[in-house]
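Chemist: need a structure here:
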Amino acid sequence: MPVDRTNAPSRSEVPPPNDSPTITTFPMSSANRVLAMLATLFFAMGLITSLNDILVPHFKAAFDLTYRDAALIQSSFFAAYFVVSYPAGQYTARVGYRRALASSLWLAGLGCALFFPAAALTSYLCFLVALFVLASGITLLQVAVNAYVETLGSRGAAASRLTLVQAFNSLGTTVGPPLAALWILAPQAATATGHAADSVRGPYGLLAAVLAIGGAVLWRLTLPEPRAGDASPPGVLRNVRSLMAHRPLRYGIVALFLYVGAEVSIGSFLIVYLTQTGTGILDHAYASRYLAFYWGGAMLGRFAGAWLLRKVSPGRLLSLCAACNLTLIAVSMTLPASFAMWLLLACGLGNAIMFPTIFSLSVGGLGARVSEGGGLICMAIVGGAVLPYLQGALADSIGIVFSFLAPALAYGYIAGFGAWCARIMPESESESESEPEVGPNAGIRHAPAATRAGGARSVGDRRST
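Modeler: Alright, predicted model coming up:
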């Protein structure tokens with residue numbers, strides 16, 4: 001297929017040599033079936049990750065922890081993204097999406113199984129190790145799934161497509177906490193050892209079994225695979241340097257770091273906020289039900305955002321949502337807790353389109369290296385390890401209410417990133433390819449860097465005019 005090079009970006013903007021397009025064609029019905037399968041994996045990913053919001057108050061009470069020490073639950077989990085993400089992108093590019101997806105479920109299942117010896121030893125450190133192993137599997141799953149969705153159709157509709165399937169991630173985060181609260185936070189939950197930490201055995205044992213079976217099923221499935229691109233430049237440092245020459249990826253890594261940190265921080269401390277600030281809610285199990293409003297808002301927002309992103313510039317919508325969340329948090333600090341809690345819960349709706357939009361804006365234009373770029377940007381999910389820890393330290397020093405300054409400042413940067421993307425990336429490009437391809441030639445593809453929206457082409461064009 002001929003590629004128009006008249007508006008090609010400069011070498012400084014596009015990572016060589018994998019910016020050539022690769023195309024694998026198969027019927028659109030196959031793409032839809034793959035999307036449905038990936039949506040199921042997103043649901044599982046969201047459900048597992050949301051359980052941390054229950055573990056934070058549960059282990060804080062069970063092990064008599066400070067806010068900062070309790071935040072190590074999120075830190076241990078999300079630190080895996082920093083350690084595993086880039087190797088996961090390389091691994092996915094080498095073995096293919098099917099094997100990477102199956103391996104991710106098995107690794108996550110191993111992490112869940114490690115909760116049994118941790119509970120038997122009643123060791124907080126062992127639980128943190130188990131969470132890191134579990135998160136390593138989720139990291140590999142996140143890298144593979146996000147990159148795979150990016151290839152399932154036109155580049156212009158990538159943000160919309162990723163937002164749609166990530167709505168099922170939010171469905172998992174919505175139903176997970178209330179179900180886990182019934183099992184983990186119930187007064188009668190501690191059984192075998194008499195220690196409250198023992199109550200995690202049941203849910204995590206069930207998850208271990210389901211993940212092991214799911215990995216076996218995925219291993220035997222036949223999935224369409226995009227053709228591999230040219231070989232990457234030798235050496236990890238050279239790989240990273242060439243990818244980081246892409247400015248949207250460079251700035252997007254910071255935006256994703258802050259977004260994940262802000263989202264996780266709010267979710268982690270909501271239960272504590274609800275029970276300790278005079279809202280009238282005193283029980284952790286009852287307070288956990290309100291998390292459904294936070295994560296449910298993200299779910300509804302993603303279903304709506306999948307449609308809205310076909311009509312509105314992704315950068316502008318991202319900037320608007322981040323600015324709204326910044327305002328909600330700032331106003332919440334001036335109101336009584338019984339009113340302020342609803343403003344914090346409403347931040348879930350503003351979070352809805354942020355991850356898929358930041359991801360898509362960042363990797364657009366990487367061509368055949370989208371899985372490597374996806375692995376690199378997923379390292380930024382380590383923000384979920386850093387910001388909750390910082391907010392925990394703030395809560396210990398200035399109180400839980402004003403500790404929400406940490407996520408508020410994060411949303412400020414995200415608003416600026418969205419505005420920058422809206423300025424350098426023409427709306428006409430994203431609109432021109434907002435509809436998925438239909439027909440015998442529709443299928444998986446990496447878009448040409450010189451002709452697709454959201455990539456370095458528009459950066460180079462704007463700078464040269």
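
Chemist: and the closest residue to Glu263 other than its chain neighbours, what does it touch?
Modeler: Closest residue in space to Glu263, ignoring its immediate chain neighbours: Asn351 at 5.1 Å, by C-beta to C-beta, 6 or more residues apart in numbering. The C-beta positions use only the backbone N, C-alpha and C, and glycine is treated the same way. By C-beta atoms under 8 Å, 6 or more residues apart in numbering, the residues touching Asn351 are 259, 262-263, 297-298, 301, 321, 325.

Chemist: now those residues as TSV including pLDDT?
Modeler: Compiled in TSV, these are given as follows (pLDDT from 0 to 100):
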residue	pLDDT
Tyr259	96
Ala262	96
Glu263	93
Gly297	88
Ala298	85
Gly301	87
Cys321	95
Asn325	97
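
Chemist: what about the protein, any weak spots by pLDDT?
Modeler: Along the chain, segments meeting pLDDT under 70 span 1-31, 153-156, 158-159, 185-197, 226-238, 282, 367-368, 371, 426-465.

Chemist: Give me the distance between the spatially most central residue of it and Thr66.
Modeler: For the chain, Phe355 is the residue whose C-alpha lies nearest the centre (C-alpha atoms, centre = their mean; 5.7 Å). Distance, Phe355 to Thr66, by C-beta to C-beta, to the nearest Å: 30 Å.

Chemist: just Gln142 next, same as before
Modeler: For Gln142 relative to Thr66 (C-beta to C-beta), the value is 30 Å.

Chemist: Counting neighbours around each, name which of these two comes out higher.
Modeler: Gln142 (27 against 13; other C-beta atoms under 10 Å).

Chemist: what's the closest non-adjacent residue to that one?
Modeler: The spatial neighbour of Gln142 that comes closest, neighbours along the chain excluded (C-beta to C-beta, 6+ apart), is Cys378 at 5.6 Å.

Chemist: Do I have it right that that neighbour meets Leu141?
Modeler: No. Contact criterion C-beta atoms under 8 Å: Cys378 and Leu141 do not qualify, at 10.3 Å.

Chemist: Can you give me the buried ones in stretch 307-317?
Modeler: Going by neighbour count (16 or more other C-beta atoms under 10 Å), the buried part of stretch 307-317 is 308-310, 312-315, 317.

Chemist: after the helix or strand hosting the residue nearest to the centre of the chain comes which helix or strand?
Modeler: For Phe355, the host element (DSSP states H and E) is helix 354-363. Of the helices and strands lying after helix 354-363 in sequence (DSSP H and E), the nearest is helix 370-378.

Chemist: Following that following helix in sequence, what is the next regular element?
Modeler: Next along the chain after helix 370-378, taking DSSP H and E as the criterion, comes helix 383-398.

Chemist: Helices along the stretch 1-150 of the chain, start to end?
Modeler: Ranges of helices within the stretch 1-150 of the chain are 28-62, 67-70, 72-95, 97-113, 115-121, 124-151, based on DSSP state H, counting those that start in this stretch.

Chemist: And the ones you listed: which comes nearest Gly364?
Modeler: Smallest distance to Gly364 across the helices of the stretch 1-150 of the chain (C-beta to C-beta): 8.7 Å, for helix 124-151.

Chemist: Helix or strand next in line after that closest one, which one?
Modeler: As assigned by DSSP H and E, the chain's next helix or strand after helix 124-151 is helix 158-180.

Chemist: what's in contact with whatever helix or strand comes next after that next one?
Modeler: Under the assignment DSSP H and E, the closest C-terminal helix or strand after helix 158-180 is helix 201-220. The contact list for helix 201-220, computed with C-beta under 8 Å, 6+ apart, reads 44, 48, 51, 98-99, 101-106, 108-110, 112-113, 115-116, 119, 137, 180, 183-184, 191-192.

Chemist: Buried ones among the residues you listed?
Modeler: 44, 48, 51, 98-99, 101-106, 108-110, 112-113, 115-116, 119, 137, 180, 183-184.

Chemist: ok, Leu361 - how many residues close by?
Modeler: Neighbours around Leu361, by other C-beta under 10 Å: 29.

Chemist: Return the distance of it relative to Arg250.
Modeler: Taking C-beta to C-beta, one finds Leu361 at 12 Å from Arg250.

Chemist: go on, Ser136?
Modeler: In terms of C-beta to C-beta, Ser136 sits 25 Å off from Arg250.

Chemist: for Ile400, same thing?
Modeler: Separation of Ile400 from Arg250 (C-beta to C-beta) stands at 34 Å.

Chemist: repeat for Leu256
Modeler: 11 Å.

Chemist: Out of these two, name the residue with the larger neighbour count.
Modeler: Shown here are Leu256 and Arg250; by other C-beta under 10 Å, Leu256 has more neighbours (25 against 14).

Chemist: surely Ala340 meets Ala330?
Modeler: No. In this structure Ala340 lies outside contact range of Ala330 using C-beta under 8 Å: 10.7 Å.

Chemist: More neighbours: which of these two?
Modeler: Ala340 (21 against 14).

Chemist: Return the set of buried residues in the strand or helix carrying the more buried one.
Modeler: Using DSSP H and E, Ala340 falls within helix 337-351. For helix 337-351, the buried set under the neighbour-count rule, 16+ other C-beta under 10 Å, comprises 337, 340-341, 343-351.

Chemist: got the CA positions of it in PDB?
Modeler: Only the C-alpha atoms of helix 337-351 are listed here, as PDB (Å, rounded to 0.1, in the frame of the first residue of the first chain):
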ATOM      1  CA  ALA A 337     -17.600  16.200  54.700                       C
ATOM      2  CA  SER A 338     -21.200  15.100  54.200                       C
ATOM      3  CA  PHE A 339     -21.300  17.200  51.000                       C
ATOM      4  CA  ALA A 340     -17.600  17.000  50.100                       C
ATOM      5  CA  MET A 341     -17.700  13.200  49.900                       C
ATOM      6  CA  TRP A 342     -20.000  13.400  46.800                       C
ATOM      7  CA  LEU A 343     -17.500  15.700  45.000                       C
ATOM      8  CA  LEU A 344     -14.700  13.300  45.600                       C
ATOM      9  CA  LEU A 345     -16.900  10.400  44.400                       C
ATOM     10  CA  ALA A 346     -17.700  12.400  41.300                       C
ATOM     11  CA  CYS A 347     -14.100  12.400  40.300                       C
ATOM     12  CA  GLY A 348     -14.600   8.800  39.100                       C
ATOM     13  CA  LEU A 349     -16.700  10.200  36.200                       C
ATOM     14  CA  GLY A 350     -13.900  12.700  35.300                       C
ATOM     15  CA  ASN A 351     -11.400   9.800  35.300                       C
END
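
Chemist: Report the contact partners of Gly348.
Modeler: Counting by C-beta under 8 Å, 6+ apart, Gly348 touches 266, 293-298, 301.

Chemist: Need the nearest residue in space to it, chain neighbours excluded.
Modeler: Among residues not flanking Gly348 along the chain, Gly297 sits closest, at 3.4 Å (C-beta to C-beta, 6+ apart).

Chemist: That neighbour: neighbour count?
Modeler: When counting by other C-beta under 10 Å, one arrives at 20 neighbours for Gly297.

Chemist: do the same with Leu328
Modeler: Leu328: 21 surrounding residues under other C-beta under 10 Å.

Chemist: helices or strands up against the one helix or strand it maps to?
Modeler: Here Leu328 sits within helix 314-332, counting by DSSP H and E. Secondary-structure packing of helix 314-332 (3 or more C-beta pairs under 8 Å, 6 or more residues apart in numbering; DSSP states H and E): helix 337-351, helix 354-363, helix 405-424.
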